[in-house]
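>>> Sharing a model prediction with you, sequence too.
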Amino acid sequence: MLIEILIKMEHTDEAKSDLIEICRKQYKNDLVQSKRIDEFEKTYTADKAASWYTRDSFVYRLLNKALRTENIDIIYKFRSFIADLHQQLSVLQSTEPISTDEFLYRGQKLPIEELQYLQKNINGYLSMNTFVSFSRSSQAALLFAGKGEDRPQLESVLFQTEVNDGLAIFANIENVSYYKDEGEFLFTIGSVFRIADIEHIGNIIWVITLVIDTNANEDVEKLSKYLKKYYTGECSLLKIAEILFQIGEYDRAEHYCKLCNEQLHVDHQDRCRLNLLFGDIFRAGKGDFQAAEQFYVSALKLAQDSSLRASVLAGLGRLEDETGKYEAALTHLTESFDLNLKEHPNTTNEIVAKVYADIALVYRHKLDFTKSLEYYNQSLEINLQLLPDLHPSLANLYNNIAYLNTVLGKYDEAMKSYETSLKIQLKSLPKTHPDIATVYNNMAILHECNHDSQLAMEMFCKSLELFSAVLPSDHPTIATLYHNIGTSFHEIKNYPKAITHLEKALDLRKKILPLTHLHIAESYESLAYSYYGVYDYQKTLDFCNMALEIDPTRAALHECIGETRSKQHDYDGALVAFRKAIDLCNPLMMKDNRLLARIHFSMAQVLLTQEKLDEALECYKTVSLVPLSYADQDTLAVANMHLADIYTYKKQFRLAIESYKKCLDYNSECVPQVEMYNNLAANYFEVGQEEADEEYYRKALEIRKKILNVFPLDDQDLGITYSIIGTIYYKLNEYDLCLEHKEKARDHLLKNVSMNNDILTNICESIASFYELRGEMEKAIENGELLLKLQMDKFDSENPKNLDILANLCNNLGSLYHQVQNIEKAIECVEQAVTFERIAKISNPELYDNNFEILQSQVITCGNLAALYEEAEATEKQIIMLNRCLEIYSKLVLHSQQKTDLALASMAEIFKMLGGCYSKLDDHHMAFKSYQQALYFFIQLGSNNETMSNEYKENLENAKMKMNNKS
């Protein structure tokens, strides 16, 4: 468009002077070129344009460099020369027809990246942004292409195209060229070719076949025609400035506005348009809102017709929107709309569509997203009827609609609209256009919503790079990008970098925005969250309060205060803040429903900490009932987990089962899956216990087996799971399977005894009992020994209870050895039991001399050992143990009157046994005394059993007789 305007502009002598001035400046130290510039100044005329272009001189070098680098300022200086050369080619083409069956060639060394791009776009289109020369001679062209000597950086390329007169402006310039014998053809700027084929010949040169074409493709051609109609009707500096503004070249647009300002008469009718454009540049391009307002006010004073006045009012409305004066913005935009309707009663026009879009943006900034979307859709509906498919305005509308769908949680719709927007922009706008940067920024926000923070970060940085190329460093948009990058760093928990970027954004915003602007409140809020991430809770609260001073309706800030108070253990303060946040939420807004879910979850956590289980339960219930569209699945999973835990604690096992099942359905990484399945199985087991229902045991068993098959478990978890499965089989009376799984559990847990000692002791005790019941004594002993070793490993000399446990285990193990007739090992075990009991008594004599259960346990141990000594014929040791039994029984009689009969009977029996022991040792005197005591206690018992009475008397008489005989 710019080139066409430059060609069609009226060119004065000033244009030639501008060209000579820039050339002298560029070649001031080059004597050869300086002389040629002098020659050009004196001799140049329009019919010599081709001659000067083909000559090895400053003209060719400077113009081609400017065209290649798109240096608009230098291109503008060459405006008259470009027009002359284009016109000369057009005249030559019309006066000297070219044979249409002729091939033309161009040799060139092409960077490998550009060649690869062309290879990927066969049947695509190539638009030349310079004047391009071809030759009739392929040999001459090959000299420029080379033979691949500059690989790998450059490839030798030969372009070939068949002449197709009338589809492009080009001509044989052989007769007007500086070099007459090269058979050169020259194509004008903007010539379009289709890439028909690319072939590698002899591994030396690439041959690219081009077809002269007028249409890059149907959509591009429609856009091109529309833009030509829109922009090239008027050819002036002001129009150039407007185009530069539209493509995001704000500094250059300002430069050409200043040139235009110098040329326009003070009363010129374009003064209003010029001031309006100045206002747009300072508003959108520089962020200098004060200067922008001054220009808009000046433009408004100069507006002579309703159409211009409507445009200026729209500009003022956009400015007020950016500075947070939303009601004033709506007032001016509505005035603009009304004036446009008077001028154009048909509402299907571009101006009305533009005002709809502006009003939509204001409502978006007011957070009325539904109304904003309504206006954007109205604007899109009109523009789809009027604009070509690749028009940038459509891209902007799709971008804004996508943003609103993002806010409203319609992520799939948003992504489709962003992709449509970007597709249009990449085909119709310069690569560095700020609108492309805006789409990248908004797509980044969508990626954040989808929890892809890394991709969001890449998009934000891409956007910042593009914006930084066209905007001043203190522009509000740059501040927004720093803010967005900061929030991305926050999302990936890099809080220090988040704070750095957010503070940079805040500093910029404070310089260019009113201190009560919502964007400043937004900065305060984000900084509060990031300082929360680095545990600086005081700064978190400070920033929350500063944000609330600007906007006291932000529910999320009260939520943040609640979270912070909770971290400071001010639980009552946290609950107050959470309740304020709930009061401020609007249940009709999806984002607020998400917030409500989060707040109820946080409240539940605080109430759980305060052990207010019923209140916590209600909050978790609220969260668990929230649809997945309103809360992320992690929050819902954790809420159901805690809900189930509370139900379990309250022994409401069926409700716990339902909540654990819901928790697992979310498949969240935030809850321990194995633990949840374990808890679910445990609750099925409890219901089975309560109701003696085999079905629930079976369900518990099924889940435990699933845990084994699905999850990678370590030895500890495997051991625990096998043990629980064994317990379930026990409940189902499947004892062989119970034993099998208990043994598997034991084997896994033995791999880390220190961590699993308590569980192992229970398992080994169960296994030993099973084998004893089955009569497999060797295996019972093996597990009994292991059980004793485990208990010895965790022996705590300061805890007498551990000694009792060890004594009991030794007793049991002694019993097992006794059953296999290993009397020696049996005695060893029971002696150890007695030792443990004695040590325990020494540590706490008062307890062990006055506790009935402990005394009873001790007498059993001593009795067992006495019996074993008898079998081993260790009579003296047997006597010691029997006397120990008597000592203990005397204490039992003292401390438990209700047990007197049992104690008397036992003491009678023990004295009888003592009598027998002394008889074996021929100590008839002691035997007599023992039998005498036995008879005494038997008489005290008051028994009517004559047989036993006679036995006691007979023992006494025999002992007396032997004692007398010995004397």
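Structure received.
>>> so the closest residue to Leu308 other than its chain neighbours is in which element?
With CB to CB, 6 or more residues apart in numbering as the measure, Cys272 is the residue that lies nearest to Leu308, at 5.2 Å, once sequence neighbours are left out. Every residue, glycine included, has its C-beta placed from N, CA and C. Following DSSP states H and E, one finds Cys272 within helix 271-280.
>>> Only the C-alpha atoms, please, for that helix, written as PDB.
In PDB, the C-alpha atoms belonging to helix 271-280 read as follows (Å, rounded to 0.1, in the frame of the first residue of the first chain):
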ATOM      1  CA  ARG A 271      -5.900  19.500  10.500                       C
ATOM      2  CA  CYS A 272      -8.700  17.700  12.400                       C
ATOM      3  CA  ARG A 273      -7.600  14.300  11.000                       C
ATOM      4  CA  LEU A 274      -4.000  15.100  11.800                       C
ATOM      5  CA  ASN A 275      -4.700  16.000  15.400                       C
ATOM      6  CA  LEU A 276      -6.900  12.900  15.700                       C
ATOM      7  CA  LEU A 277      -4.000  10.700  14.400                       C
ATOM      8  CA  PHE A 278      -1.600  12.400  16.700                       C
ATOM      9  CA  GLY A 279      -3.900  11.600  19.600                       C
ATOM     10  CA  ASP A 280      -4.200   7.900  18.500                       C
END
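>>> next SSE after that helix?
Helices and strands here follow DSSP H and E; after helix 271-280, the next one along the chain is helix 289-302.
>>> still on that earlier bit, ok, the residue nearest to Leu308 touching Ala303?
Yes - using CB atoms under 8 Å as the test, Cys272 is close enough to Ala303 to be in contact (5.1 Å).
>>> Can you pull the residues that touch both of the two?
Counting by CB atoms under 8 Å, 6 or more residues apart in numbering, the contacts common to Cys272 and Ala303 are Val312.
>>> Might you list the low-confidence residue ranges for the stretch 801-950 of the chain?
Applying pLDDT under 70 to the predicted model, the residue ranges of the stretch 801-950 of the chain that meet it are 801, 893-900.
>>> Tell me which stretches of this structure form strands.
103-111, 125-127, 132-135, 154-162, 170-172, 184-187, 192-201, 205-213 (DSSP state E).
>>> Comparing the ones you listed by mean pLDDT, which bottoms out?
Per-segment mean pLDDT for the strands of the chain reaches its minimum on strand 125-127, at a mean of 78.
>>> Now do the contacts for the closest residue to Ile854 other than its chain neighbours.
Closest residue to Ile854 in three dimensions, ignoring its sequence neighbours and counting by CB to CB, 6+ apart: Tyr848, at 5.4 Å. For Tyr848, the residues meeting the contact criterion (CB under 8 Å, 6+ apart) are 800, 837, 840-841, 854-855, 858.
>>> Tabulate those in JSON lines, adding columns for distance to Asp474 and neighbour count.
Compiled in JSON lines, these are given as follows (distance: CB to CB, whole Å; neighbours: other CB atoms under 10 Å):
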{"residue": "Pro800", "distance to Asp474": "78", "neighbour count": "20"}
{"residue": "Glu837", "distance to Asp474": "86", "neighbour count": "25"}
{"residue": "Ala840", "distance to Asp474": "82", "neighbour count": "22"}
{"residue": "Lys841", "distance to Asp474": "86", "neighbour count": "17"}
{"residue": "Ile854", "distance to Asp474": "85", "neighbour count": "19"}
{"residue": "Leu855", "distance to Asp474": "90", "neighbour count": "22"}
{"residue": "Gln858", "distance to Asp474": "89", "neighbour count": "26"}
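>>> thought Leu806 was touching Phe836?
Yes - using CB under 8 Å, Leu806 is in contact with Phe836, at 4.7 Å.
>>> Can you work out which residues contact both of these two?
Common neighbours of Leu806 and Phe836 (criterion: CB under 8 Å, 6+ apart): none identified.
>>> Now the phi/psi pair for the spatially closest residue to His517 that is not a sequence neighbour, please.
Once its chain neighbours are removed from consideration, His517 has its nearest residue in Gly324; the separation is 4.5 Å (CB to CB, 6+ apart). Note on Gly324: its backbone torsions stand at phi 80, psi 10 [degrees, to the nearest 10].
>>> Surely Gly324 touches Thr516?
Yes - taking CB under 8 Å as the definition, Gly324 is a contact partner of Thr516 at 7.4 Å.
>>> Give me the more crowded residue out of these two.
Just comparing Gly324 and Thr516: by other CB atoms under 10 Å the higher neighbour count belongs to Gly324, 18 against 11.
>>> And that one, how close does it get to Lys929?
Distance, Gly324 to Lys929, by CB to CB, to the nearest Å: 111 Å.
>>> now swap in Leu446 and tell me
For Leu446, the distance to Lys929 under the criterion CB to CB works out to 101 Å.
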